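In: When you get a sec, could you give me coordinates for this:
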Amino acid sequence: MMKKDIMICGVGGQGTVLASKIIAASAMDEGWSVHSAETIGMAQRGGPVTSHVRIGDDVFSPLISVSGADLLIAFEPSEAVRNLRYLKKDGFVIVNSIPVKPTSLSGGADYDGNAEIAFLRSRCRCLVVNSEELCRPFGSSKFFNVAVLGAAVGTGELGLSEETVRNEIIKTVPERFLEKNLAAFSAGYEIGEEKQCR
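Out: Numbers count the residues shown, from 1 in each chain. Coordinates of the predicted model:
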């Protein structure tokens with residue numbers, strides 16, 4: 001019996017909502033009950049965006065409680081730190097090392113995400129992914145939302161099969177973008193698999 005609580009966080013425009021929808025649909029394809037919720041009010045204005053995806057037959061609320069998430073997928077370092085309180089003690093974080101200054105972040109323009117990444121490494125099990133390096137072969141960091149799903153599947157922390165998620169991407173992504181999205185998913189999967197093997 002599977003029970004998995006997944007939080008996805010980032011900044012509006014990074015594709016966090018699509019990633020959460022693919023996870024939820026993939027879980028349903030595998031026969032699991034899914035509850036999800038999103039805070040997308042500022043999604044078009046560069047503000048923080050958070051999605052909760054809860055998988056399991058004994059889940060009754062769409063919102064993950066503090067210290068309840070098995071997996072935190074963060075598209076942005078400061079958003080990872082901001083939402084870390086939701087992670088279980090033995091939970092896992094996948095985080096993009098490339099910062100995008102969210103509107104929630106006040107302070108200097110010298111924010112580079114390094115302090116946030118160091119903090120995460122000291123506090124939890126994590127996989128740090130550089131979205132620019134990962135997505136360079138595909139011509140845009142916009143493919144990171146699908147690539148990070150590959151990483152999550154590859155680590156084994158997502159709990160869903162590669163085939164199921166790949167098939168959901170095929171059903172969801174417009175055909176003109178499909179080839180690059182599938183390639184990005186495979187590249188992310190390899191990074192996740194490497195982490196799992198260490």
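
In: quick one: contacts for the spatially most central residue of the chain?
Out: In the chain, the C-alpha nearest the mean C-alpha coordinate belongs to residue 73, at 3.1 Å (C-alpha atoms, centre = their mean). The neighbours of residue 73, taking C-beta atoms under 8 Å, 6 or more residues apart in numbering as the test, are 6, 7, 8, 9, 19, 93, 94, 148, 152. No exception for glycine: its C-beta is placed from N, CA and C like everyone else's.

In: Which helix or which strand is home to it?
Out: Assigned by DSSP states H and E, residue 73 belongs to strand 69-74.

In: Keeping just the C-alphas, turn that strand into PDB.
Out: Written as PDB, here are the backbone C-alpha positions of strand 69-74 (Å, rounded to 0.1, in the frame of the first residue of the first chain):
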ATOM      1  CA  ALA A  69       6.000  15.700   3.300                       C
ATOM      2  CA  ASP A  70       8.000  12.700   2.100                       C
ATOM      3  CA  LEU A  71       9.400  14.600  -0.800                       C
ATOM      4  CA  LEU A  72      10.000  18.300  -1.500                       C
ATOM      5  CA  ILE A  73      10.600  19.200  -5.100                       C
ATOM      6  CA  ALA A  74      11.900  22.800  -5.200                       C
END
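
In: Could you give the separation of that strand from the chain centroid?
Out: Distance, stretch centre to chain centre, for strand 69-74: 7 Å (C-alpha atoms, centre = their mean, to the nearest Å).

In: for stretch 12-31, same thing?
Out: With C-alpha atoms, centre = their mean as the basis, the distance from the averaged C-alpha position of stretch 12-31 to the chain average is 9 Å.

In: Same check on stretch 110-121?
Out: Counting by C-alpha atoms, centre = their mean, stretch 110-121 is centred 18 Å from the centre of its parent chain.

In: Now do the buried residues in that stretch.
Out: Neighbour-count burial for stretch 110-121 flags 111, 113, 116, 117, 120 (criterion: 16 or more other C-beta atoms under 10 Å).

In: Dump the longest helix anywhere in the chain to CSV, restricted to CA.
Out: Longest helix in the chain by number of residues, with DSSP state H as the criterion: helix 175-197. C-alpha atoms of helix 175-197 as CSV (Å, rounded to 0.1, in the frame of the first residue of the first chain):
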residue,chain,number,x,y,z
GLU,A,175,3.2,17.4,-29.6
ARG,A,176,5.5,20.1,-30.9
PHE,A,177,7.3,20.1,-27.5
LEU,A,178,7.1,16.4,-26.8
GLU,A,179,10.5,15.2,-28.2
LYS,A,180,12.5,17.7,-26.1
ASN,A,181,10.4,17.1,-23.0
LEU,A,182,10.9,13.3,-23.2
ALA,A,183,14.7,13.9,-23.7
ALA,A,184,14.7,16.2,-20.6
PHE,A,185,12.8,13.6,-18.6
SER,A,186,15.4,11.0,-19.5
ALA,A,187,18.3,13.3,-18.7
GLY,A,188,16.8,14.0,-15.3
TYR,A,189,16.1,10.3,-14.7
GLU,A,190,19.8,9.5,-15.2
ILE,A,191,20.8,12.2,-12.6
GLY,A,192,18.3,10.7,-10.1
GLU,A,193,19.5,7.2,-10.8
GLU,A,194,23.1,8.2,-10.2
LYS,A,195,22.1,9.7,-6.8
GLN,A,196,20.2,6.5,-5.9
CYS,A,197,23.3,4.3,-6.8
